[in-house]
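*Asks:* take this sequence and fold it.
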Amino acid sequence: MTVRLLAMLTVFVILTAVDAVSIRSVLKSKVRSARQPTDTSIQVATSTAFKDGVKIRVTVGNKLDANEKKRDPVCNDGTQSPTSAQVDPDQGELQIIFEELDVSLCTSGLITADYCATDPLTDRPILGYIGLCPDAYMKSVETLKTLFRRAIGRILGFNKKAFAFLRDETGEPRTSRDPSTNRPNNGQDAFGIYTPSSSYLFYKTMSGATVVGRVENSYLFLALPTLVEYARKYFAYPQLEGIPLEDEGGLDVVEQYFDSRFVSHDVMTSGTDTVTGITGFTLAYMYDSGWYEISDAHEFAGTWGKGKGEDFFNKSCFEYTTVRKS
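*Replies:* Model prediction:
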C-alpha cells in the first residue's frame with residue numbers, strides 16, 4: 001500500500017468519523033475579530049473540507065529514512081510544548097502532515113501522531129503530524145481505521161499536553177493563566193508538559209481484590225463536567241467522580257488514553273483489540289475541550305459496564321465477578 005493510498009484512507013477515516021466534531025462558533029468569531037486571515041506557513045498538497053465538521057488539509061510527504069534526526073520533520077519529539085501559529089479558519093481549521101516512516105524510526109507502536117502548533121488565541125490544535133510504520137501494512141483495513149481515528153483524536157486534542165489548555169463553554173481557560181505569558185501557571189512536569197487544574201484532573205488510589213490479595217493502583221482521573229455527567233448516566237453511578245486514564249505502558253500511552261478497564265470499545269482507549277468506534281466518552285471530552293461542537297451522528301453505543309453501577313466501577317474484575325457469582 002503506497003503512502004498516497006494510505007493518505008486517501010486517512011482522509012476517508014476523517015470524513016466518516018471526525019466530522020462528529022466542528023469548531024465552536026464562539027472561537028471562530030474570536031479568531032476573526034482579533035486578526036485578518038493570514039497565509040499559513042505550511043503549504044498543503046491536497047485538501048478536504050467537511051460539510052459539517054472540521055475543515056482539514058492533508059499534506060503527503062516523502063518517506064523518512066534512518067538519516068532523519070527526529071521522528072518527523074515538522075513536530076517535536078512529543079516532550080515539549082507545541083508552538084503557536086496563525087491559520088486562516090476559512091481555508092483550513094486543521095492541517096495534518098502525513099509521512100511513511102522507515103522501520104528504523106519505529107521504536108514503539110505502528111503509528112505516531114501528535115499536534116505541534118496551536119492557535120495563539122484559543123490554544124486549539126491547528127497543525128498535526130501522522131507517521132505510519134511499515135508493519136502497519138500487515139494489519140487489516142479495520143485496524144488501520146482504528147489507528148487513524150486514534151491518531152486524529154490525539155491531534156484534535158485528546159492529548160496529555162493539551163489538558164492544561166482546555167477551555168470552558170464560554171471559551172475561558174479551565175486552568176488559570178500567568179498574565180505575563182498567558183500560559184498555565186501550575187508549573188510543568190519533567191517533560192515540559194503544563195500541569196492542569198486539579199478541579200478536573202487529579203490522582204486517586206483505587207483498591208481491588210485479586211487472586212493474590214488486594215492491590216492498590218493510582219489513577220489519573222479526568223473529571224470534566226460533560227464527561228462526568230455522561231459517565232454517571234452511562235454507569236448508573238451518581239457519585240462517580242471522573243474517568244481514570246491508562247496507568248500502564250510507555251510514555252506515549254500512560255495517561256494519554258482512557259483506561260480500557262473502565263471505558264472499552266472506544267477509539268481513545270489504549271488497545272486496538274476491542275475498539276469499535278467513537279463513544280459518548282470521547283465526544284464528551286471533545287465538547288469539554290471548549291474547542292468543538294459535537295454530533296452524535298457517528299457515536300458508537302458502547303455496552304461495556306453500562307448500567308452496572310458502583311460495584312462495576314470500583315471493584316476489580318476478579319472481585320466484581322466473584323460477587324456476581326455468589
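*Asks:* alpha carbons only: can I get stretch 231-246 in PDB?
*Replies:* Extracted as PDB, the C-alpha positions of stretch 231-246 are listed here (Å, rounded to 0.1, in the frame of the first residue of the first chain):
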ATOM      1  CA  ALA A 231     -20.400   8.700  32.700                       C
ATOM      2  CA  ARG A 232     -22.700   8.900  35.700                       C
ATOM      3  CA  LYS A 233     -25.700   8.200  33.500                       C
ATOM      4  CA  TYR A 234     -23.900   5.500  31.500                       C
ATOM      5  CA  PHE A 235     -22.700   3.500  34.500                       C
ATOM      6  CA  ALA A 236     -25.800   4.400  36.600                       C
ATOM      7  CA  TYR A 237     -23.400   5.600  39.300                       C
ATOM      8  CA  PRO A 238     -24.500   9.100  40.500                       C
ATOM      9  CA  GLN A 239     -21.400   9.600  42.800                       C
ATOM     10  CA  LEU A 240     -18.800   8.900  40.100                       C
ATOM     11  CA  GLU A 241     -16.000  11.500  40.300                       C
ATOM     12  CA  GLY A 242     -14.300  11.100  36.900                       C
ATOM     13  CA  ILE A 243     -12.900   8.600  34.400                       C
ATOM     14  CA  PRO A 244      -9.500   7.000  35.000                       C
ATOM     15  CA  LEU A 245      -6.800   7.300  32.400                       C
ATOM     16  CA  GLU A 246      -4.400   4.500  31.400                       C
END
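*Asks:* if you count neighbours, what's buried in that stretch?
*Replies:* Within stretch 231-246, the residues that count as buried by 16 or more other CB atoms under 10 Å are 231, 234-235, 237, 240, 242-246. Backbone N, C-alpha and C define where each C-beta goes, glycine included.
*Asks:* just the ones in helices from those, please.
*Replies:* Counting by DSSP state H, the part of the buried residues of stretch 231-246 found in helices is 231, 234-235.
*Asks:* can you lay out those residues as CSV showing distance to M268 and pLDDT?
*Replies:* What follows is those, written out as CSV (distance: CB to CB, whole Å; pLDDT from 0 to 100):
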residue, distance to M268, pLDDT
A231, 14, 97
Y234, 15, 97
F235, 17, 97
